[in-house]
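Undergrad: this is a predicted model, with the sequence first.
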Amino acid sequence: MKFYNVKLLTITCEILARKKIIGILDGHGITGYTTYEVDGNGARGIRGQGLKNEKNVKIEVIMRDEKLQDVVEEISRTMFANFALVLYVSDIGIVRTEKF
């Protein structure tokens, strides 16, 4: 079976940033993503244990290289200063290229 190389953009952020990140994705023509509510511990302490607006979310987006740089640049420029946010990119292989 052949695998096709694409990128997995993973963003973990406070739940209050989710709507803005999804807006950025939509603005770049990206409509497919998966979100999860998550908790954990980091530089800002334990998250996700209390109120709804204290929770974190993880957003995963499979995308081609052509859009990745612009999306990462916009998220970095507009969100890093105001939100707790971790962003990373992984190389992955997919089977169904028509989905991405």
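TA: Ah, there it is.
Undergrad: quick one: the helices in this structure?
TA: In the chain, helices defined by DSSP state H lie at 18-27, 65-79, listed in chain order.
Undergrad: run the angle between the last one and helix 18-27 for me.
TA: Pointing back at helix 65-79 there. If you take axes from the mean of the first three to the mean of the last three Cα atoms, to 10 degrees, helix 65-79 sits at 140 degrees to helix 18-27.
Undergrad: show me where pLDDT drops low in this structure?
TA: Applying pLDDT under 70 to the chain flags residues 41-53.
Undergrad: switch to 90 and redo it
TA: Counting by pLDDT under 90, the chain has low-confidence residues at 1, 14, 31, 38-56, 84, 96-100.
Undergrad: what about the residue positioned nearest the centre of it, distance to Lys2?
TA: Centroid-nearest residue in the chain, with Cα atoms, centre = their mean: Ile11, separated by 3.0 Å. Counting by Cβ to Cβ, to the nearest Å, the gap from Ile11 to Lys2 is 29 Å. All C-beta spots, glycine's among them, are computed from the backbone N, C-alpha and C.
Undergrad: and Ile21, by the same measure?
TA: From Ile21 over to Lys2 (counting by Cβ to Cβ), the distance is 32 Å.
Undergrad: now swap in Leu9 and tell me
TA: Using Cβ to Cβ, one gets 23 Å for the distance from Leu9 to Lys2.
Undergrad: between these two, who's got more neighbours?
TA: Leu9 (21 against 6; other Cβ atoms under 10 Å).
Undergrad: tell me what the more buried one is bridged to.
TA: Under the criterion DSSP bridges, Leu9 forms beta bridges with Val61, Val89.
Undergrad: which residues does it contact?
TA: Counting by Cβ atoms under 8 Å, 6 or more residues apart in numbering, Leu9 makes contact with 60-63, 68, 71-72, 87-89.
Undergrad: format the residues you listed as CSV; extra columns: neighbour count.
TA: Output for the contacts of Leu9, formatted as CSV (neighbours: other Cβ atoms under 10 Å):
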residue, neighbour count
Glu60, 15
Val61, 23
Ile62, 17
Met63, 19
Leu68, 18
Val71, 23
Val72, 17
Leu87, 17
Tyr88, 10
Val89, 16
